[in-house]
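> task: produce atomic coordinates for the following.
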Amino acid sequence: QVQLVESGGGLVQAGGSLRLSCAASGSIFKINAMGWYRQAPGKQRELVADKSSGGNTNYLDSVKGRFTISRDNAKNTVYLQMNSLKPEDTAVYYCAARIVPYGLGLHANDYWGQGTQVTVSS
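Numbers count the residues shown, from 1 in each chain. As a prediction, this is how the structure comes out:
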């Protein structure tokens, strides 16, 4: 069993900062990419940022220069530092990871966290 547990969401005023954390645990052989998605009410889920095991990163255009994704591979944890938050960043943020669990075949699967609410007030 593999689990992703998120923390760090909350309510913040525009211009403020939050840091999200997501720790993967369980029977993990290897973690490939880890990242963050978000979904605002009435909108589709979108990729905010991800980071490969090799260190390559991708960011949603609207968060470039404000958000930073990082990983602590020793702790199987990914972080999202969010600065200069805007009301339009309000959403449920989901951690996602492509993980190879121990087991026959060693195939990668996609796993999701439970989501954490980020609300930015104007």
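> please, which helix or strand holds the spatially most central residue of the chain?
Closest residue to the average C-alpha location of the chain: residue 36 at 2.6 Å, with CA atoms, centre = their mean. Using DSSP states H and E, residue 36 falls within strand 28-39.
> between the helix or strand following that strand and strand 28-39, what angle do the directions make?
Remark: after strand 28-39, the chain's next helix or strand is strand 46-51, criterion DSSP H and E. Angle, strand 46-51 to strand 28-39, by axes from the mean of the first three to the mean of the last three CA atoms, to 10 degrees: 150 degrees.
> and strand 46-51, average pLDDT?
Mean per-residue pLDDT for strand 46-51: 98.
> quick one: strands adjacent to it?
strand 28-39 (antiparallel), strand 57-59 (antiparallel) (DSSP bridges).
> how about a markdown table for those strands, with mean pLDDT added?
Listed next are those as a markdown table, based on pLDDT from 0 to 100:
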| stretch | mean pLDDT |
| --- | --- |
| strand 28-39 | 96 |
| strand 57-59 | 97 |
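> so which of those strands comes closest to residue 100?
Residue 100 sits nearest to strand 28-39 of all those, at 4.3 Å, using CB to CB. Bear in mind the C-beta positions are built from the backbone N, C-alpha and C, glycine included.
> please, where are all the strands along the protein?
Under the criterion DSSP state E, the chain contains strands at 2-7, 10-13, 18-26, 28-39, 46-51, 57-59, 67-72, 77-82, 91-101, 109-112, 116-121.
> buried residues in the shortest one, which are they?
Which is strand 57-59. For strand 57-59, the neighbour count (16 or more other CB atoms under 10 Å) marks residue 59 as buried.
> which residues touch it?
35, 47, 48, 49, 50, 51, 67, 69 (CB atoms under 8 Å, 6 or more residues apart in numbering).
> perfect, I'm done here.
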